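Okay, sequence plus prediction incoming.
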Amino acid sequence: MPIPFLGVIIAILTIFGVSIQGVETVLTQKEIDQARKDAAKQHTEAMQEIAQARGKATKQHTEALQEIDQARKEAATQYAEAAQEIKKARDEARAENILLSANKFATSLIEKETQVNEAVTLCPNFKQREYRQLGLEMGAAVIGNVDYIKWQSMRMAGYAFEAPLFQLPLEEEERTFFIDHAIRYLRETVLHPANTDAQGLLYLACMYGCRHQYDEMMEVLDKASQISQIVQAMKAEFRERPMMLILVDACGSDQTKIERLRGMLNLPRTTEQFFCEYVKEFPLKTHQLPAPYIEWIAVRKPEAAGESSTFIIKITPPYPSNQEKVDAFPTTSDGRYHTPIVPSENRVSIEELYTILTSLFILFCPIA
């Protein structure tokens, strides 16, 4: 059928208009989609920034908490250290007071030991000094056979003790106690190379000698000899006689041990020449008239009859009034007298005395 021209135009325009609308719709949709994508991207970025901000805030918060915790710990440590220093100062002051009381008011060495241990428990820094001193005092008590603190305390209480050795000797339990404890304290304080001293080692050796622990005694004497001359150290202690007797007594009658000890002490052997010259010159050296007895440490030989012990042989000096002849008798370390070897009514020459003595004894050394 014939289509009117106007209708065609209208149709074309309609189709064109619809097409334009479709294009606009598509473009609009694309813009909408792009806007959505942009909004989604912005949202994602925003969320990431928020997450980063949250993470950073969390990290800062954690770091702040850690700093606070560290500050608390440091403050607690400083407080604990300050409290410890205060306690240490208080304990040290208390320990000093206890030691002062122990040195001034203790009535016996055993009581002093109790107080010293209390002070050392409060202040361990005092251990080296106080234990060494305690070991020396206990060793001195054993060597002198008297608790000098007890003796002084009883004198102050009104007891008339002038000679402690004979008035207040140690009981056997006390002697054993002091030997054991002196060894423990001295081993702990004078054997280490950084703390060795001749005095402490000499006392420790004597305590081993009291126990007849010869090998330990010689080991300690060897350490002491590397510091100073042992005999000179004995003389400095004013206990040369008892110390020497203890060391010799630890040898028994074993001549090998005796000779080893003599070498350790750097003493000359008692030959006839040395003996005779010493006895002849003794009255001149002492500058005393009458001169005191010449005293010689000796050990009875195993084959000789009589008590097996360490003796002090007392020899009357060779006075011109006695035709320079001598007599001799033995005493033990505790002062007991024995039957004379050469009675005073039967004096002999110095050479004859040497022969008699060496048939019965191992002569060790004179006591100056």
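Done, it's in. All values derive from a computational prediction rather than experimental measurement.

With only the CA atoms kept, save stretch 194-204 in PDB.
Extracted C-alpha coordinates of stretch 194-204, given in PDB (Å, rounded to 0.1, in the frame of the first residue of the first chain):
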ATOM      1  CA  ALA A 194      94.200 -14.500  96.200                       C
ATOM      2  CA  ASN A 195      94.000 -14.700 100.000                       C
ATOM      3  CA  THR A 196      97.100 -16.700 101.000                       C
ATOM      4  CA  ASP A 197      99.100 -15.400 103.900                       C
ATOM      5  CA  ALA A 198     102.000 -17.000 105.900                       C
ATOM      6  CA  GLN A 199     100.300 -16.500 109.200                       C
ATOM      7  CA  GLY A 200      97.100 -18.200 108.300                       C
ATOM      8  CA  LEU A 201      98.900 -21.000 106.500                       C
ATOM      9  CA  LEU A 202     101.100 -21.600 109.500                       C
ATOM     10  CA  TYR A 203      98.200 -21.900 111.900                       C
ATOM     11  CA  LEU A 204      96.400 -24.200 109.400                       C
END
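
Make 6 the first number, not 1, from now on.
Shifting the count to begin at 6 puts that one at stretch 199-209.

which stretches of this structure form helices?
Counting by DSSP state H, the chain has helices at residues 10-110, 114-127, 132-149, 153-161, 169-172, 177-195, 203-215, 219-230, 235-241, 245-254, 260-269, 277-291, 355-365.

Show me how the record splits the protein into domains.
As assigned by automatic domain parsing, the chain contains the domains 91-195, 211-272, 277-372.

Please work out which of the helices of the chain is packed deepest.
Compared across the helices of the chain, helix 203-215 shows the largest average neighbour count, a mean of 26 (mean count of other CB atoms under 10 Å). (Glycine included, C-beta is placed from N, CA and C.)

Show me what it is packed against.
Under the contact definition 3 or more CB pairs under 8 Å, 6 or more residues apart in numbering; DSSP states H and E, helix 203-215 sits against helix 132-149, helix 177-195, helix 219-230, helix 235-241, helix 245-254.

Adding distance to A40 and mean pLDDT, write these out as JSON lines.
Converted to JSON lines, the helices and strands packed on helix 203-215 look like this (distance: least, CB to CB, whole Å; pLDDT from 0 to 100):
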{"stretch": "helix 132-149", "distance to A40": "87", "mean pLDDT": "96"}
{"stretch": "helix 177-195", "distance to A40": "91", "mean pLDDT": "97"}
{"stretch": "helix 219-230", "distance to A40": "99", "mean pLDDT": "96"}
{"stretch": "helix 235-241", "distance to A40": "107", "mean pLDDT": "89"}
{"stretch": "helix 245-254", "distance to A40": "112", "mean pLDDT": "94"}
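
Could you check these and tell me which one is nearest V347?
Among the helices and strands packed on helix 203-215, helix 245-254 comes nearest to V347, with 22.1 Å by CB to CB.

can I get the CA coordinates of that closest one in CSV?
Output of helix 245-254 as CSV, limited to C-alpha atoms (Å, rounded to 0.1, in the frame of the first residue of the first chain):
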residue,chain,number,x,y,z
GLU,A,245,107.7,-20.9,118.4
ARG,A,246,108.1,-23.6,121.0
PRO,A,247,104.5,-25.0,120.9
MET,A,248,104.2,-24.7,117.1
MET,A,249,107.4,-26.5,116.6
LEU,A,250,106.4,-29.3,119.0
ILE,A,251,103.1,-29.7,117.2
LEU,A,252,104.8,-30.0,113.8
VAL,A,253,107.4,-32.5,115.0
ASP,A,254,104.9,-34.5,116.9
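
That one to helix 132-149, inter-axis angle?
Angle, helix 245-254 to helix 132-149, by axes from the mean of the first three to the mean of the last three CA atoms, to 10 degrees: 90 degrees.

what residues does helix 245-254 touch?
With CB atoms under 8 Å, 6 or more residues apart in numbering as the test, helix 245-254 has contacts from 148-150, 207, 210-211, 214-215, 217, 222, 226, 236, 239, 242, 263, 266, 270, 300, 302, 304, 314-315, 317, 338, 369-370, 372-373.

now the domains of the chain as TSV including distance to E29?
Shown next, in TSV, are the domains of the chain (distance: least, CB to CB, whole Å):
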stretch	distance to E29
domain 91-195	90
domain 211-272	114
domain 277-372	135
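
List just the one of the ones you listed that sits closest to K35.
Among the domains of the chain, domain 91-195 comes nearest to K35, with 81.8 Å by CB to CB.

any idea how far that closest one is from the chain center?
Distance of domain 91-195 from its chain centroid, counting by CA atoms, centre = their mean, to the nearest Å, is 16 Å.

Then stretch 276-288?
Offset of stretch 276-288 from its chain centre (CA atoms, centre = their mean): 44 Å.

now stretch 300-319
Between the centre of stretch 300-319 and the centre of its chain there are 38 Å (CA atoms, centre = their mean).

ditto for stretch 181-198
Centroid separation for stretch 181-198 versus its chain: 9 Å, with CA atoms, centre = their mean.

Stretch 11-27 too?
With CA atoms, centre = their mean as the basis, stretch 11-27 stands 119 Å off its chain's centre.

Mind checking the pLDDT average for that stretch?
Here stretch 11-27 scores 73 as its mean pLDDT.

likewise stretch 102-118?
Mean pLDDT, computed over stretch 102-118, is 94.

just to revisit the earlier point, so which of the helices of the chain comes closest to Y324?
Comparison of the helices of the chain against Y324 by CB to CB identifies helix 277-291 as nearest, at 7.2 Å.

need the helices of the chain in JSON lines with distance to S326, can you?
Formatted as JSON lines, the helices of the chain follow (distance: least, CB to CB, whole Å):
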{"stretch": "helix 10-110", "distance to S326": "52"}
{"stretch": "helix 114-127", "distance to S326": "48"}
{"stretch": "helix 132-149", "distance to S326": "36"}
{"stretch": "helix 153-161", "distance to S326": "41"}
{"stretch": "helix 169-172", "distance to S326": "32"}
{"stretch": "helix 177-195", "distance to S326": "43"}
{"stretch": "helix 203-215", "distance to S326": "40"}
{"stretch": "helix 219-230", "distance to S326": "42"}
{"stretch": "helix 235-241", "distance to S326": "32"}
{"stretch": "helix 245-254", "distance to S326": "28"}
{"stretch": "helix 260-269", "distance to S326": "35"}
{"stretch": "helix 277-291", "distance to S326": "11"}
{"stretch": "helix 355-365", "distance to S326": "16"}
